[in-house]
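Colleague: Any chance you can model this:
(2 chains)
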Amino acid sequence: MPRVRFAPSPTGYLHIGSARTFIFNWLYARHNDGTLILRIDDTDVERNTQQSLDSIFEGLKWLDLGWDEFYRQSERLDLHRAMARTVLDRGLAYRDFSLAGSDEDTMDRADRGLSRDESDRRAEAGEPFVLRFRVDRDPPRDVKFRDAVYGEQSKSTADIEDFALLRSNGLPTYHMASCADDVDLRITQVIRGQDHLTNTFKHVLIFEALGAAPPEFAHLPLLIAPDGAKLSKRKHGPVVSVTTYRDAGFLPHAFVNFVCLLGWSPKDDREQMTRQELVEAFTFDGINRSNATINFTEQDPFDPKAVWLNGEAIRQSGIEELARQLVPLARAAGLDVDYERMLRVAPLIRERMKLLRDVATVADFFFVEKLLSYDPAELIPQKGDRPMALAVLTRARDVLGAAEFTHDSLDAALRAAAQELKLKTGQMFQPVRVAVCGRKNAPPLFETLEVLGRETCLERIGEAIEMLA
RNA sequence: GUCCCCAUCGUCUAGCCCGGCCUAGGACACCACCCUUUCACGGUGAGAACGGGGGUUCGAAUCCCCCUGGGGACGCCA
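Modeller: Sure, this is the predicted structure:
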């Protein structure tokens, strides 16, 4: 049974690249009936924050995929130290007491040749040290592994420096903790970003030193920003945060769908896929080797394809479900909404939204007492003038005062009115639409009038007439 | 500086491993037209790419080499 893990470090919010790593791990686990482990890599006490841990959970929960087991590295430090000790005892690591560091030749540290006796003595005396892996370069040999995505990989030990296993404060480094836990948790596949590809040679060395078979590795092409650099929290800001997508009104699945298409393909031209279809189609063979650019700008933080996918997902969602999701977004935008009313509005705006937050700009007039002020010139129809607009609105007021407020009778009544006034239907409808919606672009007129109700419509048309008079 | 990885439309990608079916396919975006009471949805269509140079071969987007370009890693961060 495959066992994979997603191992974020709580040093910032969950960004889209991490989210993709999580999703690919999830997909692999589900496709192969395996186990997905969430492991918090929090060995760097200085940089960890509760806030970012919360934000990671928030992001992962929103994705709504779940995981099977949970661990925190900070609760497993004894294991890491014990394994580091094993490496030391096998002579494959040494204590480096020269804490200056920077000028030091990273290949051949001065303390590399210290005798074990002296090393032990100084350690017992309480002298601080860094435990380093003793990379065997005499003679150099090639460290090899086969990556499931990038193929055979090889690197000479001559090009690998003596990296740290334990810090002078006694805490394990990422390399040590990660490998120790991968062994202990019996991880079978390590699926992570390609930025770890060169680290992997060090990890292979650690697995060897521990006498453990290394897991299979699958490195993912990086997600890069339009400026060409690896996506980063520091450089690109909140536009790369998963919560930014959530707050804008992405549907979790649309987001997942989009992210899956970055660096992976089902190879058969499918793009909109259900969760089940993704699980069934996901294999390492479909993963690309080249980095994927995610398109965003300061003005428009979301990739157009993500937005399109989301619009499609919105159109495919049920009215009840959509209305339920729209209510909080509308409230956040300051609109006075309730579920019942949203249920009537949702069908009118479903295909006019790409993000859930669009509800605020597309449906505001359904929920406000008083329309936002608009330019009275908007009331004047194509190839028409002020008197025409006035005539239309006056007639419309009479008609709507009498008509039954259902789609069909409104349709019939207003069309008849247009004919009487010898106007094109468009010339008849536009002033009415602007009067009741406060703008030219809006959902279909009769449905809109129906939902708005007679009282509101007459009131707004009256106001429009006053504006023109 | 050293090492590693990558290279098809603006972007995401199919094709590459197993050369010919590729006058390079799909999607998003953009543009045009159709539908239409506006907007949107939907439909139809157009433009748009194999980074360059050498090989190998009857034949190369596909195989090899070089160049160029891009990215990543080299921390007592992960």
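Colleague: Just the residues contacting the helix or strand of chain A with the lowest mean pLDDT, thanks.
Modeller: Scoring the helices and strands of chain A by mean pLDDT, DSSP states H and E places helix A:233-236 at the bottom, with a mean of 81. Helix A:233-236 is contacted by residues A:12-13, A:15, A:225, A:229, A:240-241 when judged by CB atoms under 8 Å, 6 or more residues apart in numbering. Where C-beta positions appear, they are placed from N, C-alpha and C, glycine not excepted.
Colleague: Name the residues of that helix that are buried.
Modeller: A:233, A:236 (16 or more other CB atoms under 10 Å).
Colleague: Might you calculate how far it sits from the centre of the chain?
Modeller: 15 Å (CA atoms, centre = their mean, to the nearest Å).
Colleague: Do I have it right that residue A:246 meets residue A:63?
Modeller: No. Checked against CB atoms under 8 Å, the pair residue A:246 and residue A:63 is beyond contact range at 9.2 Å.
Colleague: For those two, list the residues in contact with both.
Modeller: Any residue near both residue A:246 and residue A:63 by CB under 8 Å, 6+ apart counts here, and that gives A:252, A:255.
Colleague: Could you check the pLDDT of residue A:100?
Modeller: According to the prediction, residue A:100 has pLDDT 58.
Colleague: and if you look at residue A:103?
Modeller: Reading off the confidence values, residue A:103 has pLDDT 48.
Colleague: and if you look at the one 4 residues further on?
Modeller: In this prediction, residue A:107 carries a pLDDT score of 68.
Colleague: Give me the below-cutoff pLDDT ranges for the stretch 101-250 of chain A.
Modeller: Scanning the stretch 101-250 of chain A for pLDDT under 70 picks out A:101-108.
Colleague: now the helices for it?
Modeller: Remark: helices assigned in the stretch 101-250 of chain A by DSSP state H, counting those that start in this stretch are A:116-124, A:174-184, A:199-209, A:233-236, A:242-248.
Colleague: How about the residues of the stretch 301-450 of chain A by RNA strand B?
Modeller: Within the stretch 301-450 of chain A, the positions adjacent to RNA strand B are A:303-305, A:307-308, A:311-312, A:315, A:351-352, A:411, A:425-426, A:429-430, A:433, A:440-446 by CB under 7 Å from any atom of the strand.
Colleague: Now the buried members of these.
Modeller: For those, a burial check counting by 16+ other CB under 10 Å picks out A:303, A:307, A:311-312, A:352, A:411, A:429-430, A:433, A:442-443, A:445-446.
Colleague: Mind picking the two most distant members of the residues you listed?
Modeller: By the measure CB to CB, A:303 and A:411 form the most distant pair in those, at 40.1 Å.
Colleague: Just the buried residues of stretch A:379-391, please?
Modeller: By neighbour count on 16+ other CB under 10 Å, the buried set for stretch A:379-391 is A:379-381, A:384, A:388-391.
Colleague: Please disregard the earlier target; I meant stretch A:18-36.
Modeller: Applying 16+ other CB under 10 Å to stretch A:18-36 flags A:18-30, A:32, A:34-36 as buried.
Colleague: same check, this time on stretch A:116-128
Modeller: Using 16+ other CB under 10 Å as the test for burial, stretch A:116-128 gives A:119, A:122.
Colleague: hmm, back to that, in helices, which of the buried ones among the residues of the stretch 301-450 of chain A next to RNA strand B appear?
Modeller: If you go by DSSP state H, those have A:307, A:311-312, A:411, A:429-430, A:433, A:445-446 in helices.
Colleague: Okay, the closest residue to residue A:95 other than its chain neighbours and residue A:433: tell me how far apart.
Modeller: Nearest residue to residue A:95 in three dimensions, chain neighbours excluded: residue A:129, at 4.0 Å (CB to CB, 6 or more residues apart in numbering). With distances taken as CB to CB, to the nearest Å, residue A:129 is found 77 Å from residue A:433.
Colleague: repeat for residue A:221
Modeller: From residue A:221 to residue A:433 the distance is 49 Å (CB to CB).
Colleague: ok now do the closest residue to residue A:90 other than its chain neighbours, which residues does it touch?
Modeller: Among residues not flanking residue A:90 along the chain, residue A:209 sits closest, at 6.3 Å (CB to CB, 6+ apart). Contacts for residue A:209 were tallied using CB under 8 Å, 6+ apart; they are A:86-87, A:90, A:92-93, A:133.
Colleague: make it 7 Å
Modeller: Residues counted as contacts of residue A:209 (CB atoms under 7 Å, 6 or more residues apart in numbering) are A:87, A:90, A:92.
Colleague: quick one, what contacts the first one?
Modeller: It stands for residue A:87. Contact analysis of residue A:87 by CB under 7 Å, 6+ apart lists A:93, A:165, A:209-210.
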